[in-house]
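Visitor: One predicted model, sequence on top.
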Amino acid sequence: MYHLLKQIIVTGIKTEAPPQPDETLRVTAERLRAEILDYFAGALTIRHVDAGSCNGCELEIHMCNNPYYNLEGLGIKFVASPRHADMLLVTGPVSRHMEVALKRTYDATPDPKLVVAIGDCGCTGGIFGESYASCGRVSNVIPVDVAVPGCPPTPLAIMQGILTAISRKA
């Protein structure tokens with residue numbers, strides 16, 4: 001028992017370690033803020049659609065809203081209705097049951113709209129691919145502006161994907 005307690009004290013709690021300062025995060029945040037101010041008059045609203053994912057990407061998207069990444073502070077807000085959204089963040093391979101719902105969500109989003117596919121499943125279909133239960137990647141159902149690969153992608157990669165989508169439309 002003593003050996004185990006000693007190992008815990010030496011190692012520490014790794015899951016609660018604060019993230020290290022990251023210069024790329026500061027630069028990305030400044031670019032995001034400037035692009036949002038220019039193109040969207042100060043606020044970007046996003047509707048997240050889970051089209052059949054394992055929820056790994058959702059956890060990383062929620063990380064973007066924590067105090068460290070602070071998307072709200074950059075003027076990016078998540079909304080409940082696609083009618084109020086400027087951008088759709090779509091995660092997961094599109095299951096057959098979500099195909100119609102995703103198309104309706106895309107149609108309900110006002111123009112000009114942006115679509116960002118998050119994660120390997122959203123970009124390529126991932127390990128699920130196309131099958132009787134899955135349509136595969138998001139671009140098989142709706143047009144995609146930017147794909148952010150990773151399983152799951154980091155919050156910084158998600159922020160860079162959002163920035164890339166905004167800068168392509170500007």
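Guide: Right, received. Where do you want to start?
Visitor: Assign V100 to helix, strand or coil.
Guide: For V100, the reduced secondary structure class is helix; criterion used: DSSP: H, G, I helix; E, B strand; the rest coil.
Visitor: got a list of what it touches?
Guide: Shown in contact with V100 (Cβ atoms under 8 Å, 6 or more residues apart in numbering): no residues. Using the backbone N, CA and C atoms, a C-beta is placed for each residue, glycine as well.
Visitor: Quick check: it vs I127, distance?
Guide: In this structure, V100 and I127 are 24 Å apart, going by Cβ to Cβ, to the nearest Å.
Visitor: Return stretch 125-144 as CSV; C-alpha atoms alone will do.
Guide: Listed next in CSV are the C-alpha coordinates belonging to stretch 125-144 (Å, rounded to 0.1, in the frame of the first residue of the first chain):
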residue,chain,number,x,y,z
GLY,A,125,-16.6,8.0,-42.6
GLY,A,126,-13.9,6.8,-40.2
ILE,A,127,-14.0,3.2,-39.2
PHE,A,128,-17.7,3.0,-40.0
GLY,A,129,-17.5,4.0,-43.7
GLU,A,130,-20.5,3.5,-45.8
SER,A,131,-22.8,0.7,-45.0
TYR,A,132,-26.5,-0.3,-44.7
ALA,A,133,-26.7,1.9,-41.5
SER,A,134,-24.3,4.8,-42.5
CYS,A,135,-24.1,7.2,-45.3
GLY,A,136,-20.4,7.7,-44.5
ARG,A,137,-18.8,11.2,-44.5
VAL,A,138,-20.8,14.4,-44.1
SER,A,139,-20.0,15.5,-47.7
ASN,A,140,-22.1,12.6,-49.0
VAL,A,141,-25.2,14.3,-47.6
ILE,A,142,-24.5,18.1,-47.5
PRO,A,143,-21.8,20.3,-49.0
VAL,A,144,-18.8,20.8,-46.6
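Visitor: what comes up buried for that stretch?
Guide: G125, G126, F128, S134, C135, G136, R137, V138, S139, V141, I142, V144 (16 or more other Cβ atoms under 10 Å).
Visitor: Could you list which of these belong to strands?
Guide: With strands defined by DSSP state E, the entries of the buried residues of stretch 125-144 inside them are S134, C135, G136.
Visitor: need those in TSV with distance to K6 and pLDDT, can you?
Guide: What follows is those, written out as TSV (distance: Cβ to Cβ, whole Å; pLDDT from 0 to 100):
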residue	distance to K6	pLDDT
S134	48	87
C135	53	87
G136	50	84
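Visitor: List the contacts of the closest residue in space to G56 that isn't next to it in sequence.
Guide: Of all residues not flanking G56 in the chain, P152 sits nearest, at 4.0 Å (Cβ to Cβ, 6 or more residues apart in numbering). With contact taken as Cβ under 8 Å, 6+ apart, P152 is in contact with G56, C57, L59, E60, I118, G119.
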